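K.L.:
The amino acid sequence is not available; the structure is as follows:
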């Protein structure tokens, strides 16, 4: 029995170690899955709780790579409490407090995005996890800025307008995430318009931050890639043609 427990513990530690080595890759594909679920969520007429489930999974995956063990444990504990409170609100029917809870989700997600960006900027070589971290930070910002836009509309109705649609309640969580990515990529379709000063200010911050992020991240990754290529060429030049192993 003790041997079985030891093997299970060893196997769990091995899986955890593998997950930590690929955590940003898992986060990236989790975010992509959430974006793929969004149109299905609307088409099938599922409740918002279904989409919130995927957002919660993304939050858990985003918090794991943050900082050291102590910071990670504190954030995980805080996140578990926030998710438990959200479940309690749904059970008790306290829909009024849901936007405030989702606002806390946004704060945690943006902290995770900043942590991923620091990981990219602190890397000395370009590898897969570095690329996935950079992409995940961008997607995290887009998704949870959208959540915050939706929270803003729930608290201050009329913060966003849709030309040709008189019903403000049609500004759904899915529509808010869509508007967030349109703003982040500075596409400017014009089908959703921020009306309040707070909404316009957040849209400006997201648009500018999105462009600066792409500029800084791409410049960083390109410089690391070029540096790695130069080091590789120098090693090949030092080894010379005689250094190759015979057949």
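P.N.:
Ah, there it is. On a predicted model such as this, the values are computed, not experimentally measured, just so you know. Numbering: from 1, shown residues only.

K.L.:
SS state for residue 126?
P.N.:
coil (DSSP: H, G, I helix; E, B strand; the rest coil).

K.L.:
okay, it: pLDDT?
P.N.:
Predicted confidence (pLDDT) for residue 126: 80.

K.L.:
Let the chain start at 58 from now.
P.N.:
Shifting the count to begin at 58 puts that one at residue 183.

K.L.:
Can you say which helix or strand has the spatially most central residue of the chain in it?
P.N.:
The centre of the chain sits closest to residue 197, judged by C-alpha atoms, centre = their mean, with a distance of 2.1 Å. In the assignment (DSSP states H and E), residue 197 maps to helix 185-212.

K.L.:
Show me what the helix or strand that that helix is followed by pairs with in its sheet, parallel or antiparallel.
P.N.:
Per DSSP H and E, the first helix or strand lying C-terminal to helix 185-212 is strand 217-218. Sheet pairing of strand 217-218 (DSSP bridges) gives strand 250-251 (antiparallel).

K.L.:
State the mean pLDDT of the partner strand.
P.N.:
For strand 250-251, the per-residue pLDDT averages 93.

K.L.:
State the distance from the residue nearest to residue 241 when sequence neighbours are not counted to residue 171.
P.N.:
Spatially, and ignoring its direct neighbours in sequence, residue 241 is nearest to residue 267 (4.1 Å; C-beta to C-beta, 6 or more residues apart in numbering). To be clear about C-beta, it is placed using only N, CA and C from the backbone, and glycine gets the same treatment. In this view, residue 267 and residue 171 are 14 Å apart by C-beta to C-beta, to the nearest Å.

K.L.:
the more surrounded of those two?
P.N.:
Neighbours were counted for residue 267 and for residue 171 using other C-beta atoms under 10 Å; residue 267 has more, 20 against 14.

K.L.:
Who are the packing partners of the one helix or strand residue 280 maps to?
P.N.:
Assigned by DSSP H and E, residue 280 falls within helix 254-296. In this structure, helix 254-296 packs against helix 155-179, helix 185-212, helix 230-241, strand 250-251, with contacts taken as 3 or more C-beta pairs under 8 Å, 6 or more residues apart in numbering; DSSP states H and E.

K.L.:
swap the cut-off to 6 Å and go again
P.N.:
helix 185-212, helix 230-241 (3 or more C-beta pairs under 6 Å, 6 or more residues apart in numbering; DSSP states H and E).

K.L.:
Return the angle between stretch directions for the last one and helix 254-296.
P.N.:
Between helix 230-241 and helix 254-296, the angle comes out at 60 degrees (axes from the mean of the first three to the mean of the last three C-alpha atoms, to 10 degrees).

K.L.:
name the helices or strands packed onto helix 230-241?
P.N.:
helix 185-212, helix 254-296.

K.L.:
where does the chain dip in pLDDT?
P.N.:
Applying pLDDT under 70 to the chain picks out residues 58-73, 124-125, 143-154, 221-226, 285-294, 296-304.
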